[in-house]
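# with the sequence up front, the predicted model follows.
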Amino acid sequence: MGLIGQVNHIRDFFEDPNAYDNRTVAVSGWVRTLRDSKTFGFIELHDGTCFKNIQIVFDEKLSNFKEITKLTIGSSLKIQGKLVKTPQAKQPFEIQAGEIVILAVSSQSNPIQKKRHTFEYLRTIAHLRSRTNTFNAVFRVRSILAYAIHKFFNERGFVYVHTPIITSVDAEGAGEMFQVTTLELDKIKHPIDYAKELLGRKTFLTVSGQLPVEAFCMGFRNVYTFGPTFRAENSNTPRHATEFWMIEPEIAFADLEDDMKLAEEMMKFIFTYVLENASQEMAFFNQFIDKGVIERLEKVIHSDFGVTTYTEAIELLNKADQKFEYDTNWGANLQTEHERFLSEKIFKKPVFVIDYPVGIKAFYMFHNEDGKTVRAMDLLVPGVGEIIGGSQREDREDVLLQRMKEEGMSEDVYGWYLDVRRYGSFPHAGFGLGFERVLMYITGMKNIRDVIPFPRTPNQAAF
RNA sequence: UCCGGAGUAGCUCAAUGGUAGAGCGGGUGGCUGUUAACCACUAGGUUGGGGGUUCAAGUCCCUCCUCCGGAGCCA
């Protein structure tokens, strides 16, 4: 006989308190905090089924009363008692315990204390931090957000494609790559014979699923990938991690306008879904992490995203009454300060910047007639910066081949990618959405290390 | 990787070159409705590592390490 059916879930109490009022219930969970007096006490119990805890009242009529008052934070319990409403108190209802079974007492050296901890400290105990209010809320929202993304694409007929994590496609222009090898590095002879690799060639962890997903776009029209990606950059910022998750849709018979429309619809859909399905967590973020985050999300849901060309953006920045550390000059990348000024001060909402100079964008982007720009788009959001990067793809085989030659890319490795243009080319477009960056925007968390369960950043691969 | 800041009790932080402290957390006791509970008592230290200056270094100098922030790279 299993244990699961023997207890109620706190989540159900909050969803329909009337159904349990004055009824005998059983719960299991962990002590979040405990207060006791001479003849009675209170436990706040967390059972993992929802953000909120339930208050347990216990008194000296229990045979193990003295033991219970000595319980430490984190100790696990099974409790039977009566659920009663408490309209005059802070909590809506509580359980008056008839029996408390102590399953395990937590060691008093538990690093999670009944006090406020800094996020920096909690990162050093990432395996324990899901027991705190903030991280419990962050990671439940992470789960709900992932579901919302799948739901969005599924409802629109997109096919979910599992693109490879190990790839031989080098230098996609998206950053440094981790090399994957089965060769014994301490015994390796130079020059390295990559034919001796288990996979028969030099391989890496993927920096993007875009190229393979484009191939599947030929068969299914609208597709997306959603999986981990890896960048071996020595980036030390609150917005970068070496391992992160990315969503990459690819749509057929579509141009850049369709691409932006999809991005905007998706953002609005997932924001709405999280607000509706994580209301307790969002209320917590709004009160303790980032005051006003709910209002900001609602504003985005009800506003039209801005659009400006790169060339116009440069003009807007030059006209602005604002000193920048770096000058804006056509042909150079926009600096972070420029991007923030555009989204936070000029547009005051998410804004697409489109039609970037050829020289600062990837080889596969569609070339405009002006010969100077490509059909690329970046979506900038206040506070987080670049959250989406996408483009209409170059679907003309000759133009693409020319660009690949200029980049020195070998047809051996990329020939299959040209086939997507060779056997019935079609206009198509897509984008990459940084999953953690959306999560930061939604929760108001300021550091990417605090929205990844076990973050990998330079010097950090513990757990 | 570059620039800046910080490393002192379990945690968050004090300490003019001169006896290393507080709050929280822990432990013990008290308290008849608490919810950041409250009150009393108590234990707890290789001041990030190494080297140097000085009668004397947490404090000044050199160096290394780590973390945080800004920049770059980008999602």
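Thanks, I have the structure now.

# does A:V307 belong to a helix or a strand, and which?
Here A:V307 sits within strand A:306-309, counting by DSSP states H and E.

# keeping just the C-alphas, turn that strand into CSV.
Included here for strand A:306-309 are C-alpha records, laid out as CSV according to Å, rounded to 0.1, in the frame of the first residue of the first chain:
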residue,chain,number,x,y,z
GLY,A,306,7.5,49.1,-30.5
VAL,A,307,9.3,48.6,-33.7
THR,A,308,12.3,50.6,-35.0
THR,A,309,15.0,50.0,-37.5
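
# and the stretch 351-463 of chain A, which of its residues are near RNA strand B?
Residues of the stretch 351-463 of chain A lying close to RNA strand B (Cβ under 7 Å from any atom of the strand) are A:385-389, A:432-434, A:436-437, A:446-449, A:457-460. Yep, even glycine has a C-beta here, placed from its N, CA and C like the rest.

# could you redo the last one with a cut-off of 10 Å?
Contact residues (Cβ under 10 Å from any atom of the strand) of the stretch 351-463 of chain A with RNA strand B: A:360-362, A:376, A:378-381, A:384-391, A:431-438, A:440, A:446-450, A:452, A:455, A:457-462.

# could you list which of the residues you listed belong to helices?
Per DSSP state H, helices hold the following members of those: A:435-438, A:440.

# okay, the residues you listed in a markdown table with neighbour count, pLDDT and distance to A:F284 next?
Output for those, formatted as a markdown table (neighbours: other Cβ atoms under 10 Å; pLDDT from 0 to 100; distance: Cβ to Cβ, whole Å):
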| residue | neighbour count | pLDDT | distance to A:F284 |
| --- | --- | --- | --- |
| A:F435 | 23 | 97 | 21 |
| A:E436 | 26 | 96 | 19 |
| A:R437 | 21 | 94 | 20 |
| A:V438 | 24 | 95 | 18 |
| A:M440 | 24 | 95 | 16 |
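
# for the closest residue to A:I346 other than its chain neighbours, helix, strand, or coil?
Once flanking residues are discounted, A:I346 sits nearest to A:L316: 5.8 Å by Cβ to Cβ, 6 or more residues apart in numbering. Judged by DSSP: H, G, I helix; E, B strand; the rest coil, the three-state class of A:L316 is helix.

# which ones are touching A:L316?
By Cβ atoms under 8 Å, 6 or more residues apart in numbering, A:L316 lies in contact with A:308, A:342, A:346.

# quick one: which of those is nearest RNA strand B?
If you rank those by distance to RNA strand B using Cβ to the nearest atom of the strand, A:L342 comes first, at 12.6 Å.

# so what's the residue of chain A most remote from its centre up against?
In chain A, the residue that sits farthest from the middle, by Cα atoms, centre = their mean, is A:K61; the gap is 48.1 Å. Applying Cβ under 8 Å, 6+ apart, one finds that A:K61 lies in contact with no residue.

# wasn't it part of a helix?
No - according to three-state DSSP, the state of A:K61 is coil, so it is not within a helix.

# need phi/psi at it.
phi -70, psi -20 (degrees, to the nearest 10).

# give me the neighbour count for A:H338.
By other Cβ atoms under 10 Å, the residues close to A:H338 number 24.

# which helices and strands does the helix or strand hosting it pack with?
Using DSSP H and E, A:H338 maps to helix A:336-340. Applying 3 or more Cβ pairs under 8 Å, 6 or more residues apart in numbering; DSSP states H and E, one finds that helix A:336-340 contacts strand A:373-381, strand A:385-392.

# quick one: contacts of the last one?
Right, the one you point to is strand A:385-392. A:239, A:254-256, A:259, A:263, A:336, A:339-340, A:343, A:350, A:361-362, A:364-366, A:374-381, A:427-434, A:437-438, A:441.

# just read off the phi/psi values of A:E264.
phi -70, psi -40.

# thought it was touching A:G306?
No - using Cβ atoms under 8 Å, A:E264 is not in contact with A:G306, being 10.4 Å away.

# and for those two, which residues touch both?
Shared contacts of A:E264 and A:G306, counting by Cβ under 8 Å, 6+ apart, come down to A:P350.

# contact residues of the stretch 151-300 of chain A facing RNA strand B?
Residues of the stretch 151-300 of chain A lying close to RNA strand B by Cβ under 10 Å from any atom of the strand are A:172-176, A:207-208, A:210, A:229-248.

# again, 7 Å this time
Neighbours of RNA strand B within the stretch 151-300 of chain A, by Cβ under 7 Å from any atom of the strand: A:173-175, A:208, A:231, A:233-242, A:244, A:246.

# can you say which of those residues are buried?
If you count burial by 16 or more other Cβ atoms under 10 Å, the buried members of those come out as A:174-175, A:208, A:231, A:239-242, A:244, A:246.

# now, the most widely separated pair of those?
A:S208 and A:R239 (17.4 Å; Cβ to Cβ).

# run the chain-centre distance for stretch A:160-170.
Centroid separation for stretch A:160-170 versus its chain: 20 Å, with Cα atoms, centre = their mean, to the nearest Å.

# got the helices and strands packed on helix A:336-340 as a markdown table, with mean pLDDT columns?
A markdown table is the format used below for the helices and strands packed on helix A:336-340 (pLDDT from 0 to 100):
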| stretch | mean pLDDT |
| --- | --- |
| strand A:373-381 | 94 |
| strand A:385-392 | 91 |
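
# can you lay out the ones you listed as JSON lines showing distance to A:P92 and mean neighbour count?
Converted to JSON lines, the helices and strands packed on helix A:336-340 look like this (distance: least, Cβ to Cβ, whole Å; neighbours: other Cβ atoms under 10 Å):
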{"stretch": "strand A:373-381", "distance to A:P92": "36", "mean neighbour count": "25"}
{"stretch": "strand A:385-392", "distance to A:P92": "37", "mean neighbour count": "22"}
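
# out of these, which gets nearest to A:T118?
Evaluated over those, closeness to A:T118 peaks at strand A:385-392, with 24.0 Å, by Cβ to Cβ.
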